[in-house]
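below: sequence and its predicted model.
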Amino acid sequence: MRTTCKFILPLVFLLLLLAACGNKYQGDYSVEVKDFSFTNQDGENVSKSELDGDFWIADFIFTNCETVCPPMTSNMANLQTQLKEAGLDDVRLVSFSVDPDNDTPEKLKEFGESRGASFDNWDFLTGYEFDKIKEFSIKSFKAPLEIPADSDQVMHSVYFYIISPDGDFIYRFDGRKPDEVKKIVPTIQDLK
C-alpha cells in the first residue's frame, strides 16, 4: 500500500501540473495559427508575432469578389464599430487576400475604405503567392481555397475567426450573417 502511494502522489502532481500548462483560452476549436509576415494596405509589414498576446479576428476576402466579400467586409466594419463601443480597442482585425496577384495594397485600401473600414486596428494583407495563402488557410483555419476552372473568382471561407492571445483559432462565425457577427463581441468579453 505504501509503495503504491509513493507512485500515485507524484503521478497526480505531474498530471495537475501538465493540465495547468494547457492553453488558457478554450473554444469550439483549438488550431494553431501558423507564423506569417505579410504586407498591409499601407505597404507595412504585419506578422503574427505582432498579434500574439491579443485577441484578433481574421477572414479571407478579395477585391474582385462578386458574391460574399463585399457584405463580409461591411459586416467586419460593423464589427469594428461594435468592438470600439464595447471598449475592446485592443482587438485587431485581419483580412487576408485570397487573390494576391490582383490585390495590391492600394486596391485593398480602396476596397476597405469603400466598405467603411478604419485602419486603426484593421489590416488587409497581401504580398504572397496564392499557393502560400492556400496552405496557410488550410493549416491555420482548416479552410480550403480553390480557383474553379475558367473563373477569376476564388472559393474561400466565409467565416470570421477568433484567434486567442495564445495564437490559436478557437471560434468561427459566419461573416455573411449580421446575427452571427453580433455574437463575437460577447464571446470575446466572456473570454476576457
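Sure, I can see it. Numbering: from 1, shown residues only.

give me the residue at the spatial middle of this protein.
Centroid check for the chain by CA atoms, centre = their mean gives A58 as the closest residue, at 2.6 Å.

for this protein, which spans come out with low pLDDT?
Where the chain drops to pLDDT under 70, the residues are 1-23.

what about the strands in it?
In the chain, strands defined by DSSP state E lie at 31-32, 37-39, 45-47, 56-61, 92-97, 122-125, 159-163, 168-174, listed in chain order.

number of residues surrounding D59?
D59 is surrounded by 26 other residues when neighbours are defined as other CB atoms under 10 Å. For the C-beta atoms, the positions are set from N, CA and C on the backbone; glycine is no exception.

same thing with the one 3 residues further on?
Other residues within reach of F62 by the criterion other CB under 10 Å amount to 23.

now K34: closest residue in space that isn't a chain neighbour?
With sequence-adjacent residues excluded and distances taken as CB to CB, 6 or more residues apart in numbering, K34 is closest to S140, at 4.9 Å.

gap between the one you found and N102?
With distances taken as CB to CB, to the nearest Å, S140 is found 22 Å from N102.

hmm, I170 and Q26 touching each other?
Yes. Counting by CB atoms under 8 Å, a contact exists between Q26 and I170, whose distance comes to 7.0 Å.

of those two, who's got more company?
Taking neighbours as other CB under 10 Å, Q26 and I170 compare with I170 leading, 20 against 12.

please say which of S140 and N102 ends up with more neighbours.
It is S140, of S140 and N102, that has more neighbours when counted by other CB under 10 Å, with 22 against 13.

tell me the contacts of the more buried one?
S140 makes contact with 31-34, 169, according to CB atoms under 8 Å, 6 or more residues apart in numbering.

now the buried members of these.
31, 33, 169 (16 or more other CB atoms under 10 Å).

which residues does the first one bridge with?
It stands for V31. Beta bridges link V31 to F169, judged by DSSP bridges.

residues contacting it?
Residues in contact with V31, defined by CB under 8 Å, 6+ apart, are 140-142, 168-169.

want to throw those into JSON lines with distance to F119?
Listed next are the contacts of V31 as JSON lines, based on distance: CB to CB, whole Å:
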{"residue": "S140", "distance to F119": "23"}
{"residue": "F141", "distance to F119": "23"}
{"residue": "K142", "distance to F119": "28"}
{"residue": "D168", "distance to F119": "26"}
{"residue": "F169", "distance to F119": "23"}
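
K134 reaches I147, doesn't it?
No. At 9.2 Å, K134 and I147 do not qualify as touching, with contact defined as CB under 8 Å.

and of the buried ones among the contacts of S140, the nearest to F96?
Top of the list for closeness to F96, among those and by CB to CB, is V33 at 10.9 Å.

how far away is the closest residue to the closest one other than its chain neighbours from P186?
The spatial neighbour of V33 that comes closest, neighbours along the chain excluded (CB to CB, 6+ apart), is S140 at 4.4 Å. Taken as CB to CB, the spacing of S140 relative to P186 amounts to 24 Å.

before I go, just wanted to say thanks for your time.
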